[in-house]
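Student: next input, structure requested:
(one chain, ligands or ions: 2)
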Amino acid sequence: MTDIKELLLSRIRDVADYPEPGVMFKDITPLLADPAAFTALTDALAEIATETGATKVVGLEARGFILGAPVAVRAGLGFIPVRKAGKLPGATLRQAYDLEYGSAEIEIHAEDLTSADRVLIVDDVLATGGTAEAAIHLIQRAGAEVSGLAVLMELGFLAGRARLAPALGEAPLEALLQV
Ligand SMILES: O=P(O)(O)OC[C@H]1O[C@H](OP(=O)(O)OP(=O)(O)O)[C@H](O)[C@@H]1O
Ligand SMILES: Nc1ncnc2[nH]cnc12
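Tutor: Ligands and ions are numbered 1, 2, ... in the order given. So this is what the prediction gives:
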């Protein structure tokens with residue numbers, strides 16, 4: 001494992017049975033509190049944004065905002081929030097999805113993307129892939145193209161990668177860590 005991956009992994013805390021029994025929660029708050037680790041993570045994700053030719057960064061509420069916003073600034077790109085339903089004031093597109101512990105709906109401002117945009121989606125964890133799949137559909141419904149999906153950590157045993165393959169097509173799924 002590279003030094004950066006070891007640093008990132010060392011700053012993620014496992015919390016058993018949160019938010020419900022049977023879930024091993026991956027808590028990134030120690031990583032966010034460490035400026036060296038947070039900077040290394042931001043730089044690595046920004047490199048993916050540049051490599052995939054992204055014109056915009058989409059972050060998924062809430063942890064995807066914390067990671068995605070500095071990535072957008074670092075890569076010199078605009079940031080677009082995908083929010084839980086009911087939080088955006090303008091005209092939105094909405095998509096329902098299931099996740100490891102529940103179900104939800106997310107929205108994007110329809111006017112934030114055009115057919116000229118290539119979008120890198122940024123989030124902390126890929127688990128079942130339900131959230132990312134819904135975000136991909138929102139971006140495509142807004143007329144834009146997904147340049148890739150970049151996550152800090154992929155929970156391989158939940159098979160999100162296989163679930164996302166049809167929606168992602170040729171666009172890469174980059175996970176800095178696999179657990
Ligand atoms: O691959 P999935 O099974 O969809 O799960 C991954 C999603 O779950 C978490 O978000 P959560 O909905 O818990 O929201 P939060 O960031 O507001 O805590 C995580 O930040 C991802 O967005
Ligand atoms: N196990 C987990 N840890 C942190 N975030 C998650 N999102 C979905 N599953 C998760």
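Student: near the nearest residue to Ile12 once chain neighbours are set aside, how many other residues are there?
Tutor: Closest residue to Ile12 apart from its sequence neighbours, by Cβ to Cβ, 6 or more residues apart in numbering: Lys26 at 5.5 Å. The way it works is simple: take the backbone N, C-alpha and C, and place the C-beta from them, glycine included. Residues near Lys26, counting by other Cβ atoms under 10 Å, number 20.
Student: does the helix or strand harbouring Lys26 come close to ligand 2?
Tutor: Secondary structure from DSSP states H and E places Lys26 in strand 24-27. Yes. Interface with ligand 2: strand 24-27 contributes Met24, Phe25, Lys26 (Cβ under 6 Å from any ligand atom).
Student: next helix or strand past that strand?
Tutor: helix 29-32.
Student: average model confidence for the helix ranked longest in the chain?
Tutor: Counting by DSSP state H, the longest helix found in the chain is helix 35-51. Averaging pLDDT along helix 35-51 yields 98.
Student: report the buried residues of it.
Tutor: Using 16 or more other Cβ atoms under 10 Å as the test for burial, helix 35-51 gives Ala37, Phe38, Ala40, Leu41, Thr42, Ala44, Leu45, Ala46, Ile48, Ala49.
Student: one more: stretch 90-100?
Tutor: Under 16+ other Cβ under 10 Å, the buried positions of stretch 90-100 are Thr92, Leu93, Gln95, Tyr97, Glu100.
Student: which one among those residues gets closest to ligand 1?
Tutor: Glu100 (4.4 Å; Cβ to the nearest ligand atom).
Student: tell me the secondary structure at Phe79.
Tutor: Here Phe79 takes the strand state, with states given by DSSP: H, G, I helix; E, B strand; the rest coil.
Student: is it fair to say Ile136 lies in a strand?
Tutor: No. Secondary structure of Ile136 (three-state DSSP): helix, not part of a strand.
Student: which residue is the nearest non-sequential neighbour of it?
Tutor: According to Cβ to Cβ, 6+ apart, the nearest residue to Ile136 is Ala167 (4.4 Å).
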